[in-house]
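**Q** got a sequence here, can you build the structure:
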Amino acid sequence: EAQVDIFLHEGLIDDAIKTVERDTYYDSKLVHRVMNVAVSHRADWVIDNACRRAEPIMEQGKADRYDAAFNWLKKVKVAYIQLGQKAAWSAHCSKLEVAYGRKRKLMELFKELN
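**A** Numbering: from 1, shown residues only. This next block holds a predicted model:
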């Protein structure tokens, strides 16, 4: 954590990203912090990384972890908007609704993203 703080403070975003990419905790606060800074520099990484973290939670149907998936998806939305790709975000949302539309608790959270 201290190393990531130093990288972020020094503006070494790629180094911070490399440090947290191995973090597999489904709701890592450290990864969220890196994403918050990286979104203006590496929005594409934020999208890929957040989707990679949210999708297993949604696929496994772990309703007790849907809040974590929702938080990752919020990062995805911010990154798409940062890139000026609101249409791509809408398309991504449509795919998620088709794939996970039967998961009511998830869809309740998902409505807040739109």
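**Q** now whichever strand or helix holds Arg53: mean pLDDT?
**A** Element membership of Arg53 [criterion: DSSP states H and E] is helix 43-60. The average pLDDT within helix 43-60 is 95.
**Q** what about Ala68, which helix or strand?
**A** With DSSP H and E as the criterion, Ala68 is inside helix 66-82.
**Q** report the angle between that helix and helix 43-60.
**A** Helix 66-82 runs at 150 degrees relative to helix 43-60, counting by axes from the mean of the first three to the mean of the last three CA atoms, to 10 degrees.
**Q** which outside residues touch stretch 91-108?
**A** With contact meaning CB atoms under 8 Å, 6 or more residues apart in numbering, stretch 91-108 is reached by 58, 61, 63, 66, 69-70, 73, 76, 80, 110, 113-114. Any C-beta I mention is one placed from the backbone N, CA and C, and that applies to glycine too.
**Q** switch the cut-off to 7 Å
**A** 58, 61, 63, 66, 69, 76, 110, 113-114 (CB atoms under 7 Å, 6 or more residues apart in numbering).
**Q** go on, stretch 47-54?
**A** 26, 35, 69, 72-73, 75-76, 79-80.
**Q** can you list these in TSV and add distance to Lys86, neighbour count and pLDDT?
**A** Putting those into TSV (distance: CB to CB, whole Å; neighbours: other CB atoms under 10 Å; pLDDT from 0 to 100) gives the following:
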residue	distance to Lys86	neighbour count	pLDDT
Tyr26	28	14	83
Met35	19	27	96
Ala69	21	28	94
Trp72	19	24	96
Leu73	15	26	96
Lys75	16	23	97
Val76	12	24	97
Ala79	11	26	98
Tyr80	7	21	97
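**Q** reformat these as JSON lines; add distance to Glu10.
**A** Listed next are the contacts of stretch 47-54 as JSON lines, based on distance: CB to CB, whole Å:
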{"residue": "Tyr26", "distance to Glu10": "28"}
{"residue": "Met35", "distance to Glu10": "17"}
{"residue": "Ala69", "distance to Glu10": "31"}
{"residue": "Trp72", "distance to Glu10": "26"}
{"residue": "Leu73", "distance to Glu10": "29"}
{"residue": "Lys75", "distance to Glu10": "22"}
{"residue": "Val76", "distance to Glu10": "26"}
{"residue": "Ala79", "distance to Glu10": "22"}
{"residue": "Tyr80", "distance to Glu10": "27"}
